[in-house]
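Novice: Let me see the structure of the following:
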Amino acid sequence: MIIMVMIFLFLIGSAVILQAHLCGKKEILLFPPVNFTITVTGLSEVLLQWKPNLNQDPRIKCLYYKVKINAPCEDDYETSGTKSTSENVLHGGFSASIQTILYCGSSFFQSSWVSAELQAPPGAPGTSVVNLTCVTNILWEDVSLHCTWFVGKNAPEDTQYFLFYRFKRHTEECQEYRKDSWNRNIACWFPKTVINSKGRGKLAVHVNGSSKQAVIKPLDQLFDLHAIDQVNPPVNVTAKIEGNCLTIEWEKPISNFPRKCFDYELNIYNIKRNYSQILRIQENSFSLIIDPTCKYSLKIRATVHFSCRNNGLWSEWSQSIYVGEDEPIHLTEWLLSVLMATVCFLLLSLFFICRTCQVWTKLFPPIPGPNSKVKDLFLSNIFEKSRSGETEIEVISYVEDPALDNLDDSVF
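Specialist: Residues are numbered from 1 along each chain as shown. The predicted structure follows:
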């Protein structure tokens, strides 16, 4: 055993001496790798493989390789192996280059580059989905995924889209879609996924499509899980007023993150004065001085603190709670007030319209009185009849009185 260890140490020492001797040279010839290939191994994932050049001097040890991603985005890194995995969107194609490098003390040597590429998948311009957005939500151990997108501007009416996601080695196709008026898929819902509940790693999402009128171009997108994770809102929010002091308490969202991992925003709205303020808090309770004669609306939302992971999305606001004197105007009361005002306005408008256009007179015309000529004739007949009656009375009186005749004869 001791002899074997001594032989091993001797070989290492010899290699080090030989390497130091080679590094002493001003020029060392390095050859680029051979058989460099790029293979798609999953959604937005490729495997880069190569082999050392057989023409390379076998005495040179500790060779490294520098990998340079040219498209879709520039990146570079070094590795001592002969294979490497890269996560990148692939709908626009992919290309990379590689070279052999050697570090010798303060000296640095490198070979020429070799390159390989993947062609972009076929598809008509403007047919792929646009504005692809995804949000994850964690409920205890289960992580849901919701993605939405818009139809490409040049996509035919019969286009149908299909969404897939990949997390690590697991790939899954969407089964629950939401459709637009043309029956095209525009949103996807995964109620349960294999995504990391701690929000670590990358999520690959791929949307392709089909149509009888055109070739639909696919779209790939990579998401940082912490950036799209939306935690649940705080629960059990309570508030009470003692004098002019308002105290608010709540519990952390339903999540695997501990209590210390959350930041909160508290929205306090003064209904009477129509004034709102938002406060940033790290505790699970808060107190402040208020005007106890006013009514307040309170709601809270949460996000994960950067000490536990990179910042993500804010949660939805919790359901509003109310404290204070003034009652909030309920929707039913508001609608009833609007309805009454509308009815009054319509009645008043109808009154003025009827008055202006004399509609009432046209609908109910006045009953006509007797003609003036007929009335005059009627009065004339009554007058003549009266005069005729008076004459008859006088004549009769004259004839019946004999004494008058005697008197006349005696005078004349």
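
Novice: Do a quick rundown of the strands in the stretch 1-150 of the chain.
Specialist: 34-42, 45-51, 64-71, 75-79, 83-87, 94-104, 107-110, 114-118, 130-139, 142-150 (DSSP state E, counting those that start in this stretch).

Novice: got the domain boundaries for this protein?
Specialist: Per the record, the chain has its domains at 16-118, 130-228, 235-324, 334-363, by automatic domain parsing.

Novice: Comparing those domains by mean pLDDT, which bottoms out?
Specialist: Mean pLDDT values for the domains of the chain show the minimum at domain 334-363, a mean of 73.

Novice: Quick one: end-to-end length of stretch 272-283, please.
Specialist: Stretch 272-283 has an end-to-end distance of 28 Å (criterion: Cα to Cα, to the nearest Å).

Novice: what's the burial count for the residue nearest to residue 213 when sequence neighbours are not counted?
Specialist: Spatially, and ignoring its direct neighbours in sequence, residue 213 is nearest to residue 156 (4.0 Å; Cβ to Cβ, 6 or more residues apart in numbering). The way it works is simple: take the backbone N, C-alpha and C, and place the C-beta from them, glycine included. Residue 156 has 17 neighbouring residues, counting by other Cβ atoms under 10 Å.

Novice: for residue 156, what are its contacts?
Specialist: Neighbour list for residue 156: 127, 211-214 [criterion: Cβ atoms under 8 Å, 6 or more residues apart in numbering].

Novice: mind checking how far it is from residue 120?
Specialist: Residue 156 sits at a distance of 21 Å from residue 120 (criterion: Cβ to Cβ, to the nearest Å).

Novice: Could you measure from the residue nearest to residue 213 over to residue 93?
Specialist: 24 Å.

Novice: Residue 36 now?
Specialist: 16 Å.

Novice: swap in residue 283?
Specialist: 51 Å.

Novice: before we move on, what about residue 119?
Specialist: From residue 119 across to residue 93, the span is 6 Å (Cβ to Cβ).

Novice: Counting neighbours, go ahead and name the busier of the two.
Specialist: More neighbours surround residue 93 than the other of residue 119 and residue 93, with 14 against 8 (other Cβ under 10 Å).

Novice: ok, for the more buried one, nearest residue in space, not its chain neighbours?
Specialist: residue 120 (3.8 Å).

Novice: Is the spatially closest residue to residue 261 that is not a sequence neighbour part of a helix or strand, or is it coil?
Specialist: With sequence-adjacent residues excluded and distances taken as Cβ to Cβ, 6+ apart, residue 261 is closest to residue 308, at 3.7 Å. Put simply, residue 308 is coil when judged by DSSP: H, G, I helix; E, B strand; the rest coil.

Novice: Could I get the phi/psi values of residue 308?
Specialist: Backbone torsions of residue 308, given as degrees, to the nearest 10, read phi -100, psi -30.

Novice: rewinding a little: now the strands of the stretch 1-150 of the chain in CSV, with mean neighbour count?
Specialist: Output for the strands of the stretch 1-150 of the chain, formatted as CSV (neighbours: other Cβ atoms under 10 Å):
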stretch, mean neighbour count
strand 34-42, 14
strand 45-51, 18
strand 64-71, 17
strand 75-79, 12
strand 83-87, 14
strand 94-104, 19
strand 107-110, 13
strand 114-118, 16
strand 130-139, 17
strand 142-150, 18
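
Novice: Quick one, which of these gets closest to residue 183.
Specialist: Nearest to residue 183, of all those, is strand 142-150, at 15.4 Å by Cβ to Cβ.

Novice: so the closest one versus strand 130-139, what angle?
Specialist: 160 degrees (axes from the mean of the first three to the mean of the last three Cα atoms, to 10 degrees).

Novice: Whatever helix or strand comes next after strand 142-150 - contacts with which helices or strands?
Specialist: Following strand 142-150 in sequence order, the next helix or strand is strand 160-167 (DSSP states H and E). Here strand 160-167 touches strand 142-150, strand 170-173, strand 185-193, strand 202-210, going by 3 or more Cβ pairs under 8 Å, 6 or more residues apart in numbering; DSSP states H and E.

Novice: among these, which is the most enclosed?
Specialist: Ranked by mean neighbour count, those are led by strand 202-210 with a mean of 21 (mean count of other Cβ atoms under 10 Å).

Novice: Tell me the strands beside it, with direction?
Specialist: strand 160-167 (antiparallel), strand 219-224 (antiparallel) (DSSP bridges).

Novice: and those as a markdown table, adding distance to residue 325 and mean neighbour count?
Specialist: A markdown table is the format used below for those (distance: least, Cβ to Cβ, whole Å; neighbours: other Cβ atoms under 10 Å):
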| stretch | distance to residue 325 | mean neighbour count |
| --- | --- | --- |
| strand 160-167 | 51 | 20 |
| strand 219-224 | 47 | 19 |
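
Novice: Tell me which of the ones you listed lies nearest to residue 320.
Specialist: Using Cβ to Cβ, those put strand 219-224 closest to residue 320, at 31.2 Å.

Novice: any residues touching the closest one, and which ones?
Specialist: 43-44, 87-91, 128-129, 132, 134, 202-208, 310.

Novice: go with 7 Å
Specialist: The contact list for strand 219-224 (Cβ atoms under 7 Å, 6 or more residues apart in numbering) reads 43-44, 87, 89-91, 128-129, 132, 134, 202-207.

Novice: What's the first helix or strand after it?
Specialist: helix 225-228.

Novice: Output that next one as CSV, restricted to C-alpha atoms.
Specialist: Only the C-alpha atoms of helix 225-228 are listed here, as CSV (Å, rounded to 0.1, in the frame of the first residue of the first chain):
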residue,chain,number,x,y,z
LEU,A,225,-39.4,31.4,-10.4
HIS,A,226,-38.9,34.0,-7.7
ALA,A,227,-39.9,36.7,-10.2
ILE,A,228,-43.2,35.2,-11.0
